[in-house]
Structure formats: structure tokens, C-alpha cells
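S.K.: A structural model of the following input is requested.
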Amino acid sequence: MLGIAVGLVPGYGGPWIRLFVFVVVGAAFALATRPALAAVGITTLLALGSGLAAGVEPSTVTQIAGLCAALGLGMVGTARLVAVNRQLHAARRELARLAVTDERLRIARDLHDLLGHSLTLIAIKSQLARRLTTAAPKRAQVENEQIEAVARAALDEVRQVVSGYRQPT
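M.R.: Residues are numbered from 1 along each chain as shown. Down below sits the predicted model:
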């Protein structure tokens, strides 16, 4: 685009000097920040030089050069803002993904803590009840009732924990 603008202004005069504005806008979005700033400066100087060399009115040349500088810097800033916005959205997506992972780990720890104690108690009491079945049947029945109570309590605790996780926020 720059080559076309530099080639057309000396050959065809004033109206084509406006092509330099498109060059700075394109450079601002196509290049990284530092090269874009350099391109804006170089294009502005080329617009000034090409316009004056082609005999375009100095007021028009300075207006176009000023427009190239101002619009080019503004577009570099806008392009940088768009890039930073993309990075921000990517960071937010990653934070949301990490938050979900952390929540899953927390739920797993809570359920492990909650069920670990209860299931160990159920296993020990069921062994005791099995051994007491022939020696002391009434005591075995009491142990079986306690096993049932512990199992129901554990089930209720799990339901409470899981229902708390299902609440919409």
C-alpha cells in the first residue's frame, strides 16, 4: 500500500495523497506496537515529502500528514487495546477454568473427609456385629442398629453437602 501511495502521488497529484491515511491505519492494525509506531512516523514523513514533491498545496499536505500522524497513533492505541482485551478475555477464561478445578478438588476433599470416617466406623462395627452374632446376639443387634444409624447419618451428611454445592450463585 505504501508503494502504491508513493508511486501515485507524484504521478497523479493531490487526490491520491489520501492513500497515506489508509497506509497508517493498515500498519497500525497489521504490525506490533513498536513497528507500527515506526511505520506511522515513516508514512507521515513520506506523505509530507511525496505531497510537497508532487506540488500538492502545502496546507493539504500538512493536513494529510497531521491526519496520518494523529489517526495512525490513535489506531496503534486502538490495536493495542484490542490485543490487551483479547488477553484479558483469555485470562478470565483460564481463571474460570481454574476456579472450577479448585471447586471440584474441594468437593472431593469434603466428601473424602465426610465419608472416610463414617465408612471406617461402619466397617469396624459390622466386623464386631458379625463376631457377636453367635456369642451375644442382642449386642450384635445393637451394633447392627448403630451401623444403620451411622450409614443414614452419613447419607444425610452427603446429601447436605451435595445440595449446598448445587445451589445457584
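
S.K.: helix or strand for the closest residue to residue 133 other than its chain neighbours, just tell me which one.
M.R.: Counting by CB to CB, 6 or more residues apart in numbering, the nearest residue to residue 133 once its immediate chain neighbours are dropped is residue 140, at 4.7 Å. All C-beta spots, glycine's among them, are computed from the backbone N, C-alpha and C. For residue 140, the enclosing helix or strand under DSSP states H and E is helix 137-165.

S.K.: distance check, residue 75 against residue 61.
M.R.: In this view, residue 75 and residue 61 are 21 Å apart by CB to CB, to the nearest Å.

S.K.: same question, residue 131
M.R.: Using CB to CB, which is the criterion applied here, residue 131 is 104 Å from residue 61.

S.K.: between the two, which has more neighbouring residues?
M.R.: residue 61 (22 against 13; other CB atoms under 10 Å).

S.K.: helices or strands next to the helix or strand hosting residue 8 in the packing?
M.R.: Taking DSSP H and E as the criterion, residue 8 maps to helix 2-12. Other elements packing on helix 2-12 under the criterion 3 or more CB pairs under 8 Å, 6 or more residues apart in numbering; DSSP states H and E are helix 19-30, helix 33-53.

S.K.: mind listing what's buried along the first one?
M.R.: Spelled out, that is helix 19-30. Buried residues in helix 19-30, defined by neighbour count with 16 or more other CB atoms under 10 Å: 19-28.

S.K.: which strands or helices does whichever helix in the chain runs longest pack on?
M.R.: Identified as the longest helix of the chain according to DSSP state H is helix 58-135. The helices and strands touching helix 58-135, judged by 3+ CB pairs under 8 Å, 6+ apart, are helix 19-30, helix 33-53, helix 137-165.

S.K.: and the second one, how far out from the chain's middle?
M.R.: Here the centre of helix 33-53 is set off from its chain's centre by 35 Å, with CA atoms, centre = their mean, to the nearest Å.
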